[in-house]
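S.K.: Take a look and give me a structure for this.
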Amino acid sequence: SGDFLLARASVALARLENTQVVREMAKSLEALVQGEIMQLKSTAEERLSMEYYLSKSYCKTASLMAYSCKSAALLSGHAVGSEVTLAAEKYGYHFGLAFQVIDDLLDFTGTSETLGKPGLQDMSLGLSTAPVLYAAEEHPELQALIARKFSDSGDVSTACDIVMRSQGLQKTKELATFHAQAAVDACCSLPASEARDGLIRLCHVVLSRSS
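M.R.: Below you'll find the model as predicted:
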């Protein structure tokens with residue numbers, strides 16, 4: 001279904017006949033692929049890096065939102081380097097990171113019913129996200145589990161216990177809040193309107209969502 005939606009979106013994009021917007025959205029597709037490659041081919045050292053995690057999160061999630069917001073500004077008649085276009089892209093960048101970080105937080109705090117997927121799925125797939133990386137700063141013994149992608153029996157439950165005993169969840173929420181606030185700040189550069197107010201409300205919604 002994802003491939004079908006992507007194909008339909010590409011057709012709709014071509015119909016716009018706006019080469020600059022097509023170029024920007026093509027960059028988002030390139031970033032999505034790059035993010036998948038980063039996830040599949042990460043080294044043990046990279047899996048322990050918060051910087052690598054955020055770069056991957058940008059590519060897989062925030063890039064689509066950033067380029068989409070930028071394209072919306074371009075379609076509204078604003079120039080590529082205009083204050084509005086840059087603010088729109090910045091909003092999408094920070095909103096996208098806030099969204100992804102909260103998603104990673106919910107992997108620990110949400111239920112299967114609200115998430116629509118099993119909890120702790122990220123670690124089951126061998127992925128180290130913000131809660132785990134923050135917990136590893138307090139509990140270095142977690143680093144070995146991250147490095148081997150939680151592949152040994154009991155690794156996922158052990159890592160979960162460590163995360164729950166650490167400040168990992170709190171620091172993750174603070175990271176998401178930082179990016180949500182940065183997105184709100186970017187909105188201040190946009191002209192006052194109901195649309196701008198809606199974008200600001202979305203930043204509050206993303207922090208309080210449970211699914």
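S.K.: Quick one: residues contacting residue 42.
M.R.: Residues touching residue 42, when contacts are defined by CB atoms under 8 Å, 6 or more residues apart in numbering, comprise 52, 56. From N, CA and C alone the C-beta is placed, and that goes for glycine too.
S.K.: Just say helix, strand or coil for it.
M.R.: Residue 42 carries the three-state label coil when classified by DSSP: H, G, I helix; E, B strand; the rest coil.
S.K.: buried stuff in the longest helix along the chain?
M.R.: Secondary structure of the chain per DSSP state H: the longest helix is helix 83-109. Using 16 or more other CB atoms under 10 Å as the test for burial, helix 83-109 gives 84-109.
S.K.: Give me the average confidence score over stretch 99-117.
M.R.: If you average the pLDDT over stretch 99-117, you get 81.
S.K.: for stretch 170-187, that is, sorry about that
M.R.: The predicted model assigns stretch 170-187 a mean pLDDT of 97.
S.K.: Which residues are in contact with the closest residue to residue 143 other than its chain neighbours?
M.R.: Taking CB to CB, 6 or more residues apart in numbering as the measure, residue 143 lies nearest to residue 136, with 5.3 Å between them; neighbours along the chain are not counted. Residue 136 makes contacts with 48, 128, 142-143, 146, as judged by CB under 8 Å, 6+ apart.
S.K.: Now do the phi/psi pair for residue 136.
M.R.: As for residue 136, its main-chain torsions (degrees, to the nearest 10) stand at phi -70, psi -30.
S.K.: what separates residue 43 from residue 142, distance-wise?
M.R.: Residue 43 is 17 Å from residue 142, where distance means CB to CB, to the nearest Å.
S.K.: In terms of neighbours, single out the busier of the two.
M.R.: Neighbour count, other CB atoms under 10 Å: between residue 43 and residue 142, residue 142 has more, with 24 against 10.
S.K.: related to what we said a few turns ago, list only buried entries from the contacts of residue 136.
M.R.: Among those, those classed as buried by neighbour count (16+ other CB under 10 Å) are 48, 128, 142-143, 146.
S.K.: For these, give me JSON lines that also has secondary structure.
M.R.: JSON lines is the format used below for these (three-state DSSP):
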{"residue": "48", "secondary structure": "coil"}
{"residue": "128", "secondary structure": "coil"}
{"residue": "142", "secondary structure": "helix"}
{"residue": "143", "secondary structure": "helix"}
{"residue": "146", "secondary structure": "helix"}
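S.K.: tell me which of the residues you listed is nearest to residue 182?
M.R.: Closest to residue 182 out of those is residue 128 (23.5 Å), distances taken as CB to CB.
S.K.: Using PDB, write out the CA atom coordinates for the helix or strand where residue 132 lies.
M.R.: Taking DSSP states H and E as the definition, residue 132 sits inside helix 130-138. Taking C-alpha atoms only, helix 130-138 is exported to PDB below (Å, rounded to 0.1, in the frame of the first residue of the first chain):
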ATOM      1  CA  ALA A 130      16.300   8.200  22.000                       C
ATOM      2  CA  PRO A 131      15.100   6.500  25.200                       C
ATOM      3  CA  VAL A 132      17.700   3.700  24.900                       C
ATOM      4  CA  LEU A 133      20.500   6.100  23.900                       C
ATOM      5  CA  TYR A 134      19.800   8.400  26.900                       C
ATOM      6  CA  ALA A 135      19.500   5.400  29.200                       C
ATOM      7  CA  ALA A 136      22.900   4.200  28.000                       C
ATOM      8  CA  GLU A 137      24.500   7.400  29.100                       C
ATOM      9  CA  GLU A 138      23.400   6.500  32.700                       C
END
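S.K.: Cheers, nothing more for now.
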